[in-house]
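# Here's my sequence, what's the structure:
(chains A and B)
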Amino acid sequence: MRTLCINLKTPQESSSAEAFLLLSPRVQFRFPHFIFVDITTTQHLLGGELGCLEKALEIAGKFSADASAAIADTAPAAQMLAKWRPSHVSLRGKEQESFKGLGLDALKDLEGLSPWAQKKPVEHMIDFFHTLGVHGLEDVLNFRLNSLRERWGDFGVLLWNRLHSQDAQIISPLVPRDPLVGYGYLDDPIGSAPLLMARMKVHLDTLFARLLGLSRHAQRLDVVLHCEYSDKRYSLSIEPVSPTRDQNLFEDLLFKKLEQQVLENPIREFEISLFDVPEKIQQLDFFEPRDSSEDRWRRLISFAKQSQCEMGFLQMEASHFPEQSFRLVTDWPEDFNPRDLVERQDQALQIKSVYAKGLAESPRPSLLLEKPQPLSAAEVQKLRFVSSLPSERIESAWWQISVQDLKNRDYYFALSHQGQLLWVFKDRINSQVYLHGYFD
Amino acid sequence: MSTLALPELANIPFVSADQLQPPAGLPTGVRVLDDFLLWRGLPQGDLSLLQGAPGTGATSLWIRIVQGVHSQNKWAAWINGDTQLFPAHLNNYKINLKKLLVVKEPKDQEQLFWLLQELITSALFEVIGCNLKDMFLKNHQLQKLKRLCRLHKVALVFVNQKASKFVNPLFSLMIHFQRDFITIQRALHRPTPFNMAGSMIHANFMHQFKNTARKLLS
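I've put the predicted structure just below:
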């Protein structure tokens, strides 16, 4: 078995182990700041043991500034090497060779998943070895099992086993259970958005590292800020148009929201909750350009959505009413196929008719008014209609006749006295003329 | 008394006419217009203003530019005014709706300015069209947008429905549409005003009326 031990050096929560699921499903956290990963079967996926080590240190950087890691056959040896020989990879089956040159103090870190119950016996043992004139760890390897058993009983046997790679500690697969939440208490209350953002960034870093390890995407980020001088609290909710793992986007959106808040009453504590959704599996074409234009427009649309501005792509819909024949969508618009679908099977022929198909080739103005604008009789008189017959007629069923809905229309082209080419329609119920668009 | 030493004529590195290149522009597809303008189209990395009452053809010119942009597989954006861009019309011009980002009418001038800055700095779009309605931007805002456009090489085209005779030097190109004829009010390094027949831009549009199924025009 090959074990990677990461020493984060600052106390962490057990959920931080989730970030290391990228390396292997077999991950275990040990209080206060050790992560053990079984990389026996997954190291080749990350470019070998060195690749694993680099990746682990990269992830650990989000939790601690001076994390260290090492790889050995057993968990105790890996932990010891992570402290005394950072970034060391021991030879497979010969991890004792890596002990050369280490002092006896290293025995205190020969723990692995189960730490020493008490430090005193280890210290006593080290003192005893010193009195014998043994100062290096490799000299302790020469002692026989029976000698250690006679002197220290089970404790001696355990030490001998750990030194000779006989203490197999199995790392079980990690089942993530902790919610994606962060909490911060500020000793000095903060009333400035950039400073507050800097304090929250640490929590966001760990949350997004966990998200990556869990292979999930964030759909929404909720932040609750508690004020110092009252029970007032600010609730900020960030929701991009599509679930993403883009931490910068969430940070930018959050900062923009924070800037809008009046933080006269400074913030004492904050809570962050991240709502995750499964990762969408995307099959990329080999020849497809890997540019990030999609990320950029998604980011742009998210920004606009947050500032209450609608933005997107035009999606055509099958409807005879021009104002209902399209809408804005925030995702790629689907192709509108205005042709009937003809299916042939042996002698049989089936035609699936498409609604509003004839409209695709009709003349349509470039600009459409959101609501038809009624024209006064004087305005209508000034118009010059291009033809006396309507170019198009929209007629609804006889039981749906009502003036409010404007469902009976005769469309005309008309020229105004300013030379504008207009798209107007006459309501067939009350003969009122409406302006509906411009051939601009 | 020192005298200014001028270089010898032979030492001055002259550039031949073949080596001269026009500044970057987006062709409109209207040959007369492209030949007339310095940029062989609308200026890229600069501001342009198309003005005229709705229904006189300003949007058509912008759509023609988008056609060219889409043929190069690049993106365009449009900000609606009180009227909205109609996709059925765009389909007739073979505009790729997947590469055209449309923004609904902004609430106020401040939001419009913010939006324009975001769109330009996203570096996604070759050309951005903006229907101004009656929200006209202030000069210092236009200056900032101009600087951003230069930086990101974006052609920003304003479509103003209320034509003004005042020629703002911040726009490198100003065109006034009157349907029957089009006046170029300002174009850098070109003699203006310059008039063109309106049919040059609308000629392409008449095919809609000549649809045999409808027979509006013989």
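# Chain neighbours aside, what residue packs nearest to B:Lys98?
Leaving aside its sequence neighbours, B:Lys98 sits nearest to A:Trp332 (CB to CB, 6 or more residues apart in numbering or on different chains; 5.6 Å). Quick note: C-beta positions are derived from backbone N, CA and C, even for glycine.
# from memory that neighbour sits against B:Asn96, does it?
No: the pair formed by A:Trp332 and B:Asn96 falls short of the contact definition of CB atoms under 8 Å, at 11.0 Å.
# more neighbours, these two?
Comparing A:Trp332 with B:Asn96 by neighbour count (other CB atoms under 10 Å in any protein chain shown), the higher total belongs to B:Asn96, at 19 against 13.
# how much space between the spatially closest residue to A:Ser68 that is not a sequence neighbour and A:Leu341?
With CB to CB, 6+ apart as the measure, A:Pro86 is the residue that lies nearest to A:Ser68, at 3.6 Å, once sequence neighbours are left out. To A:Leu341, A:Pro86 is 65 Å away according to CB to CB, to the nearest Å.
# quick one: contacts for whichever residue of chain B sits closest to chain A?
Closest contact between chain B and chain A, by CB to the nearest CB, is at B:Gly55 (3.0 Å). Counting by CB atoms under 8 Å, 6 or more residues apart in numbering or on different chains, B:Gly55 touches A:367, A:416, A:419-422, A:438-440, B:179.
# Nearest spatial neighbour of it, chain-adjacent residues omitted?
Here the nearest residue to B:Gly55 in space, its sequence neighbours aside, is A:Gln420; by CB to CB, 6+ apart that works out to 3.0 Å.
# hang on, the earlier thing: when A:Pro86 and A:Leu341 are compared, which one has more neighbours?
A:Pro86 (15 against 10).
# Which parts of chain B are strands?
Under the criterion DSSP state E, strands of chain B are mapped to B:25-26, B:42-43, B:46-51, B:75-79, B:83-85, B:100-103, B:125-131, B:155-160, B:173-177, B:181-187, B:194-197.
# pLDDT weak spots in the chain?
This is for chain A. Per-residue confidence of chain A (counting by pLDDT under 70) places the weak regions at A:280-292, A:338, A:356-358, A:360, A:401-404.
# hmm, I had chain B in mind actually
Low-confidence regions of chain B, defined here as pLDDT under 70, cover residues B:1-3, B:202-218.
# Across the sheet, point out what pairs with A:Ile351.
A:Val342 (DSSP bridges).
# Can you name the helix or strand that the residue lying closest to A:Gln166 once chain neighbours are set aside falls in?
Nearest residue to A:Gln166, sequence neighbours excluded (CB to CB, 6+ apart): A:Trp160, at 7.5 Å. Using DSSP states H and E, the element containing A:Trp160 is helix A:154-163.
# buried set for that helix?
Judged by neighbour count using 16 or more other CB atoms under 10 Å in any protein chain shown, the buried positions of helix A:154-163 are A:155-163.
# can you check stretch A:420-440 too?
Neighbour-count burial for stretch A:420-440 flags A:420-428, A:432-440 (criterion: 16+ other CB under 10 Å).
# same check, this time on stretch B:110-122
B:111-116, B:118-120, B:122.
# Not counting it itself, show me its contacts.
Where contact means CB under 8 Å, 6+ apart, the residues beyond stretch B:110-122 that reach it are A:296-297, A:299-300, A:303-304, A:307, A:309, B:77, B:79, B:101, B:103, B:106, B:125, B:128, B:130, B:135, B:137, B:141, B:144-145, B:148-149, B:152, B:154, B:156.
# Out of those, which end up buried?
A residue is treated as buried here by neighbour count (16+ other CB under 10 Å); on that basis the buried members of the contacts of stretch B:110-122 are A:297, A:299-300, A:303-304, A:307, A:309, B:77, B:79, B:101, B:103, B:106, B:125, B:128, B:130, B:135, B:137, B:141, B:144-145, B:148-149, B:152, B:154, B:156.
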